[in-house]
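Enquirer: Just to be clear, the model below is a prediction. Sequence and coordinates:
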Amino acid sequence: MTDELRERLARLDPMPPGVPTEPMTTESSRQLLEEIMSTQVAERTNRKWLPAAAALVLVAGFAAALALNGGGSQPLVLTAPGEDITGICMQFSVEELAKAPLAFEGVAESVDGETIELDVTKWYKGGDADTVVLQAPSGMEALIGGIPFEEGESYLITAYDGQVNYCGFSGPATAELRAAFDEAFGG
Amino acid sequence: MQSDRQARFEALAAEVFEPLQRYLLRRMNPDDAADAFSETLMVIWRRLEDVPSHNPLPWCYGVARKVASNHRRGRKRHLQLVERLQREPVTPPQEESADPELEDALATLPDSDRELIRLWAWEGLEPRDIATVTGLTVNAATLRLSRARKKLAEKLTRQDPDPSGQEWVGRTKEQPI
């Protein structure tokens, strides 16, 4: 049955082996490869993008859903624990950022009390949901880890070991933070 | 003169150039696929040091999957805007299918299951490589692929061919990734 199903599915393949693709040797292919190879690649050294966050920085623990890796149409719901967790920030570096198993950019579509709905514009790593819902801790309306969420604004978010890290590793999508995300996760 | 890095990229490109085009053309229209292909190669170039030296294709499929997914997201937003402006839904053209029952059953699966099935049947990948593409563990990929196949088989068993010969509904040419 398995082989039969596979064969039947293969007949629906819109690009079976007989359909030609663009060879690597054509002029346009060569041009594309040359353009790509002429692009400078940033060295992965100990660059410091942002100073370690000073003063109070919250590390809000997000549980659930991270491991579900659901389909694109299912919103990814991230919930925060009821109590706030304060922590000492790790020095920001692209290397540390790159270790985050979940990273995305999203626009705050709605900020309603303690619920923030982000419309994902780009997954850098670890998921494919179109929407991510952030549930702020009780009493922390639209403010998670010191980030004020505003409708229509874009945010870059990472989560690590089930916890979203805000020590410069998540925040409003500034050009600087986006460049760090691009470098850490390969755009 | 080529650097070592360029030589390595050229060798890798020779290996993945064709399968990556197929992967993207199976899931996107040709214009979007061409953009996504360039972008995928660019990511591979930038992350060349991360590409596994043994069996690099599944890792590269993983990059293409992410790039395509981001394209789809951008496209969806664009279409939503166009629809809002036009106040009319955009209906994709329908094409005759070689196997409408199977296509219909496939279309009813969740996106994530459908992608596992396609990776298995079209890219010809086994669970270990599917795990690399999707970021799942090998165990999870094995289990989810098996479940997805079972679901698909059940849907096919349940489906009775329409004796009136009417068109199956709910199929679209371009399925989300």
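Expert: Right, received. Where do you want to start? Numbering: from 1, shown residues only, chains lettered A, B, ... in the order given.

Enquirer: What's the first helix or strand after the least confident helix or strand in chain A by mean pLDDT?
Expert: Lowest by mean pLDDT, DSSP states H and E among the helices and strands of chain A is strand A:143-144, with a mean of 59. Counting by DSSP states H and E, the next helix or strand C-terminal to strand A:143-144 is strand A:147-148.

Enquirer: what's in contact with the helix or strand following that following strand?
Expert: As assigned by DSSP H and E, the chain's next helix or strand after strand A:147-148 is strand A:154-160. Residues from elsewhere that reach strand A:154-160 (C-beta atoms under 8 Å, 6 or more residues apart in numbering or on different chains): A:62, A:66, A:78, A:97, A:99-108, A:118, A:121, A:126, A:132, A:134, A:147, A:149, A:164-165, A:169-173, A:177-178, A:181. Glycine gets a C-beta too; all of them are placed from N, C-alpha and C.

Enquirer: Which ChimeraX command selects the buried ones in those?
Expert: Applying 16 or more other C-beta atoms under 10 Å in any protein chain shown to these leaves a buried subset, and the ChimeraX line that selects it is:
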select /A:62,66,78,97,100,102,103,104,105,106,107,108,118,121,126,132,134,147,149,164,165,169,170,171,173,177,178,181
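
Enquirer: Out of the contacts of strand A:154-160, list just those in strands.
Expert: Among the contacts of strand A:154-160, the residues falling in strands (DSSP state E) are A:78, A:102-108, A:118, A:121, A:132, A:134, A:147, A:164, A:171-172.

Enquirer: which of these lies closest to chain B?
Expert: residue A:121 (6.4 Å; C-beta to the nearest C-beta).

Enquirer: my guess is the closest one contacts residue B:73, does it?
Expert: Yes: Residue A:121 lies in contact with residue B:73 (C-beta atoms under 8 Å); the separation is 6.4 Å.

Enquirer: The contacts of strand A:154-160 also near chain B: which ones?
Expert: Restricting those to those near chain B by C-beta under 8 Å from any C-beta of the partner chain leaves A:121, A:126.

Enquirer: low pLDDT regions in chain B?
Expert: B:1-2, B:74-95, B:159-177 (pLDDT under 70).

Enquirer: let's see 80
Expert: For chain B, the stretches with pLDDT under 80 are B:1-2, B:72-98, B:158-177.

Enquirer: And chain A, by the same measure?
Expert: In chain A (pLDDT under 80), the answer is A:1-2, A:40-92, A:111-115, A:135-151, A:159-168, A:187.

Enquirer: Which residue comes closest to residue B:41 once chain neighbours are left out?
Expert: residue A:36 (5.5 Å; C-beta to C-beta, 6 or more residues apart in numbering or on different chains).

Enquirer: Count the residues that sit near that neighbour.
Expert: 19 (other C-beta atoms under 10 Å in any protein chain shown).

Enquirer: That one contacts residue B:39, doesn't it?
Expert: No: Residue A:36 sits out of contact with residue B:39 when judged by C-beta under 8 Å, with a separation of 9.9 Å.

Enquirer: where along chain B do the helices fall?
Expert: Along chain B, counting by DSSP state H, helices occupy B:4-25, B:30-46, B:57-86, B:100-107, B:111-121, B:127-134, B:138-158.

Enquirer: can you list the ones you listed in a markdown table and add distance to residue A:6 and mean neighbour count?
Expert: What follows is these, written out as a markdown table (distance: least, C-beta to C-beta, whole Å; neighbours: other C-beta atoms under 10 Å in any protein chain shown):
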| stretch | distance to residue A:6 | mean neighbour count |
| --- | --- | --- |
| helix B:4-25 | 17 | 18 |
| helix B:30-46 | 24 | 19 |
| helix B:57-86 | 18 | 18 |
| helix B:100-107 | 11 | 18 |
| helix B:111-121 | 5 | 21 |
| helix B:127-134 | 13 | 21 |
| helix B:138-158 | 9 | 15 |
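
Enquirer: As PDB, could you dump the C-alpha coordinates of stretch A:28-43?
Expert: Provided in PDB are the C-alpha atoms of stretch A:28-43 (Å, rounded to 0.1, in the frame of the first residue of the first chain):
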ATOM      1  CA  SER A  28      21.800  33.400 -16.700                       C
ATOM      2  CA  SER A  29      22.700  30.700 -14.200                       C
ATOM      3  CA  ARG A  30      26.400  31.600 -14.400                       C
ATOM      4  CA  GLN A  31      25.500  35.300 -13.900                       C
ATOM      5  CA  LEU A  32      23.400  34.400 -10.800                       C
ATOM      6  CA  LEU A  33      26.200  32.300  -9.200                       C
ATOM      7  CA  GLU A  34      28.800  35.000  -9.900                       C
ATOM      8  CA  GLU A  35      26.600  37.600  -8.400                       C
ATOM      9  CA  ILE A  36      26.100  35.500  -5.300                       C
ATOM     10  CA  MET A  37      29.700  34.700  -4.900                       C
ATOM     11  CA  SER A  38      30.700  38.300  -5.200                       C
ATOM     12  CA  THR A  39      28.700  39.000  -2.100                       C
ATOM     13  CA  GLN A  40      30.800  39.700   0.900                       C
ATOM     14  CA  VAL A  41      30.100  37.300   3.800                       C
ATOM     15  CA  ALA A  42      30.300  38.800   7.300                       C
ATOM     16  CA  GLU A  43      32.800  37.000   9.500                       C
END
